[in-house]
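**Q** My questions are about this predicted structure, shown below with the sequence.
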Protein chains: 2
Amino acid sequence: MIKVVLIGTGNVANQLFQAWRTVQEVDLIQVVGRSEEKLQTFAPFTETGQVHQINREADIYILAISDDSVQEVAAQLNIKDKLLLHTAGNLSLDVFDSSQRCGVFYPLQTFSSSRQANFREIPICIESRDKDDLEQIRTLGHTLSGKVVEISSEQRQQLHLAAVFANNFTNHLLKISQELLVENGLDIELLRPLIRETTAKLEQLSPVDAQTGPARRADYGTMDKHLDLLKNELHKDIYRLISKSIQTNYGNKL
Amino acid sequence: MIKVVLIGTGNVANQLFQAWRTVQEVDLIQVVGRSEEKLQTFAPFTETGQVHQINREADIYILAISDDSVQEVAAQLNIKDKLLLHTAGNLSLDVFDSSQRCGVFYPLQTFSSSRQANFREIPICIESRDKDDLEQIRTLGHTLSGKVVEISSEQRQQLHLAAVFANNFTNHLLKISQELLVENGLDIELLRPLIRETTAKLEQLSPVDAQTGPARRADYGTMDKHLDLLKNELHKDIYRLISKSIQTNYGNKL
């Protein structure tokens, strides 16, 4: 049984908590946070408290808090002999003091409070300075996921950047797309099969081969019409810039 | 039995041909195209020929050719008493002569030659100047799809523009994302669950609620690091511009 203290009450902490609650090998002995209100969500199921009340009996402490706070809170905890992990895609191990037993436990997924994550399919990227600690993190990872991979800080930063393009930015384009439908009295369900196919296709084709559309085929007439239809200047800029980037890939004239 | 002549030998023509081959209510009596080589694909299954050899016995003629060629080829055909349809998202009915029986048959999907489309789930957007013609197009649409919707030329253009954002542009971002993995020796499979979740989430949440990431939470430290990691200037510009657009939506300072 691995005894775990979760530090944080946001999306990642919530998702980890929900997932581990159903796992026999993990005992979530405490959730630590600043907000009494947010701690209420966890209180029916485990001990809760502030940082200065931290339970010192755990094997592993997990910081699921904002990137900016990791270094400061890690220093406050004063648990150098215990394994302390952060869950951030974009922070190296340097945020921890060199004498701290530490590591990374980064689940590569987008978490929203209203939707429960299925951790079995989520890659957990792990890292540590110490071989034994790494194995302990790996064991913890396997209580949730079928895919636990050791990844260096440099690679994890690149992976996080790639995830911003693959999730955050595509989601924003889907938002613009949905707005265009709503503004023109069109049912947003009309685009659902296209959105499904956009990603389904990539299980079989590379995105280079899957690319279609006016920019891909250098159809300037259609691109000009589209720019006329767009009212939002930022959306026009996005249209121009991504079209230009697509064309660069296919060797069309700009 | 609806007798159909398909004009065109590209992706859309191929997908429609494959789909109608298995449909009892449609008899594909001819495929018309310029390239003898491309016509070979269809020759084992039906009559093929050039525009001047067009079979005049069909009920419906479908132009599945590039947008730029529709008006010219439509004029060449000289079949004003027969129903002539185009399949373009971005062309109005004005490409047809005012005395031509005509309409639109626009399947809203991205088609690649190596992947067979499932038309049952693809919305077919239809339009005509004439009520009876519209009903004939609707009947033809229902031989393929469960979703046949009448949409005006103006709305169809907006829908096509929305589709460019939802498919063409997201696909390009997924390409950039995949490149970052490959360049850094990372397995592209690592991002697959995130990409699946990005769209699966939207069956339940609006893209506004689903938005996460550094731009959403105004995490400038992470954004600066990401810009340092990107080497390609166009990709840097895309990162800045989409982040700015996301921030505009959430009222963060720019």
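**A** Sure, I can see it.
**Q** what residue ranges in the stretch 151-254 of chain A score low on pLDDT?
**A** Within the stretch 151-254 of chain A, the stretches with pLDDT under 70 are A:251-254.
**Q** So which other helices or strands are in contact with the top helix by length along chain A?
**A** Ranked by residue count and defined by DSSP state H, the top helix of chain A is helix A:233-250. Judged by 3 or more Cβ pairs under 8 Å, 6 or more residues apart in numbering or on different chains; DSSP states H and E, helix A:233-250 is in contact with helix A:170-183, helix A:220-229, helix B:170-183, helix B:233-250. The way it works is simple: take the backbone N, C-alpha and C, and place the C-beta from them, glycine included.
**Q** And the first one, what's buried?
**A** In terms of neighbour count (16 or more other Cβ atoms under 10 Å in any protein chain shown), helix A:170-183 has its buried residues at A:170-181.
**Q** In TSV, list the residues you listed along with distance to chain B.
**A** Output for the buried residues of helix A:170-183, formatted as TSV (distance: Cβ to the nearest Cβ, whole Å):
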residue	distance to chain B
A:170	4
A:171	5
A:172	5
A:173	5
A:174	5
A:175	4
A:176	5
A:177	4
A:178	6
A:179	8
A:180	4
A:181	5
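**Q** Could you give the secondary structure assignment for the residue lying closest to residue A:55 once chain neighbours are set aside?
**A** Of all residues not flanking residue A:55 in the chain, residue A:30 sits nearest, at 4.3 Å (Cβ to Cβ, 6 or more residues apart in numbering or on different chains). State at residue A:30, reduced to three classes by DSSP: H, G, I helix; E, B strand; the rest coil: strand.
**Q** Residue A:30 reaches residue A:46, doesn't it?
**A** Yes: if you go by Cβ atoms under 8 Å, residue A:30 and residue A:46 touch, sitting 6.2 Å apart.
**Q** check whether stretch A:106-126 contacts chain B.
**A** Yes: applying Cβ under 8 Å from any Cβ of the partner chain, one finds stretch A:106-126 touching chain B at A:108-112, A:114-115, A:117, A:121-123, A:125.
**Q** related to what we said a few turns ago, tell me which of the buried residues of helix A:170-183 is nearest to residue B:15?
**A** residue A:177 (22.4 Å; Cβ to Cβ).
**Q** what number of residues lie near residue A:97?
**A** 12 (other Cβ atoms under 10 Å in any protein chain shown).
**Q** What is the burial count for the nearest residue to residue A:88 once chain neighbours are set aside?
**A** With sequence-adjacent residues excluded and distances taken as Cβ to Cβ, 6+ apart, residue A:88 is closest to residue A:67, at 5.0 Å. Neighbourhood size, residue A:67 [other Cβ under 10 Å]: 19.
**Q** just residue A:134 next, same as before
**A** Residue A:134, neighbours per other Cβ under 10 Å, totals 16.
**Q** mean confidence score for the helix or strand hosting it?
**A** Counting by DSSP states H and E, the element that carries residue A:134 is helix A:131-142. Taken as a whole, helix A:131-142 carries a mean pLDDT of 98.
**Q** Centre of the chain to it, how far?
**A** Taking Cα atoms, centre = their mean, to the nearest Å, one finds helix A:131-142 lying 20 Å from the centre of the chain it belongs to.
**Q** Any part of it near chain B?
**A** No: using Cβ under 8 Å from any Cβ, helix A:131-142 stays clear of chain B, with a minimum separation of 13.8 Å.
**Q** Which residues of the stretch 1-150 of chain A lie near chain B?
**A** So far as Cβ under 8 Å from any Cβ goes, the stretch 1-150 of chain A lies against chain B at A:11, A:66-68, A:90, A:108-112, A:114-115, A:117, A:121-123, A:125, A:149.
**Q** out of these, which are buried?
**A** Buried, going by 16+ other Cβ under 10 Å: A:11, A:67, A:90, A:108-112, A:115, A:117, A:122-123, A:125, A:149, out of the residues of the stretch 1-150 of chain A next to chain B.
**Q** what sits opposite the residue nearest to residue A:59 when sequence neighbours are not counted in the beta ladder?
**A** The spatially closest residue to residue A:59, leaving aside those adjacent along the chain, is residue A:3, at 4.8 Å (Cβ to Cβ, 6+ apart). For residue A:3, the beta-bridge partners are residue A:27 (DSSP bridges).
**Q** how does chain A divide up, domain by domain?
**A** By the record's domain assignment, chain A is partitioned as A:2-151, A:156-250 (automatic domain parsing).
**Q** Nearest to residue B:250, out of these?
**A** Nearest of those (Cβ to Cβ): domain A:156-250, 10.6 Å.
**Q** what about the closest one, start to end distance?
**A** Domain A:156-250 has an end-to-end distance of 29 Å (criterion: Cα to Cα, to the nearest Å).
**Q** Can you tell me the element residue A:74 falls in?
**A** Going by DSSP H and E, residue A:74 is in helix A:67-77.
**Q** Dump that helix to CSV, restricted to CA.
**A** Presented in CSV, the C-alpha positions along helix A:67-77 are these (Å, rounded to 0.1, in the frame of the first residue of the first chain):
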residue,chain,number,x,y,z
ASP,A,67,3.5,26.0,-12.0
ASP,A,68,4.3,29.3,-10.3
SER,A,69,3.7,28.0,-6.8
VAL,A,70,5.6,24.7,-7.0
GLN,A,71,9.0,25.9,-6.0
GLU,A,72,7.7,28.0,-3.0
VAL,A,73,5.4,25.3,-1.7
ALA,A,74,8.0,22.6,-2.1
ALA,A,75,10.4,24.7,0.1
GLN,A,76,7.7,25.3,2.7
LEU,A,77,6.9,21.6,3.2
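**Q** What residues of it count as buried?
**A** Quick answer for helix A:67-77 (16+ other Cβ under 10 Å): A:67, A:70-71, A:73-74, A:77.
**Q** Residue A:104: what's it in contact with?
**A** By Cβ atoms under 8 Å, 6 or more residues apart in numbering or on different chains, residue A:104 lies in contact with A:85-88, A:91, A:93, A:125-128, A:137, A:153, A:156.
**Q** which of those residues count as buried?
**A** A:85-88, A:91, A:93, A:125-128, A:137, A:156.
**Q** what about residue A:231, which SS state?
**A** From three-state DSSP, the assignment for residue A:231 is coil.
**Q** I'd like to know how many residues surround it.
**A** For residue A:231, using other Cβ under 10 Å, the count is 9.
**Q** got it, and residue A:52?
**A** Residue A:52: 9 neighbours (other Cβ under 10 Å).
**Q** pretty sure it is in a strand, no?
**A** No: Residue A:52 is assigned helix when assessed by three-state DSSP, not a strand.
**Q** Looking at it now. What's its pLDDT?
**A** Reported pLDDT for residue A:52: 94.
**Q** Distance check, it against chain B.
**A** 27 Å (Cβ to the nearest Cβ, to the nearest Å).
**Q** got it, and residue A:134?
**A** 18 Å.
**Q** contacting residues for the residue lying closest to that residue once chain neighbours are set aside?
**A** Spatial nearest neighbour of residue A:134, chain neighbours left out: residue A:128 (4.0 Å); criterion: Cβ to Cβ, 6+ apart. Neighbouring residues of residue A:128 by Cβ under 8 Å, 6+ apart: A:93, A:102-104, A:134, A:137.
**Q** Check residue A:245 too.
**A** For residue A:245, the contact set (Cβ under 8 Å, 6+ apart) comprises B:172, B:176, B:234-235, B:238.
**Q** can we see that at 7 Å?
**A** Shown in contact with residue A:245 (Cβ atoms under 7 Å, 6 or more residues apart in numbering or on different chains): B:172, B:234, B:238.
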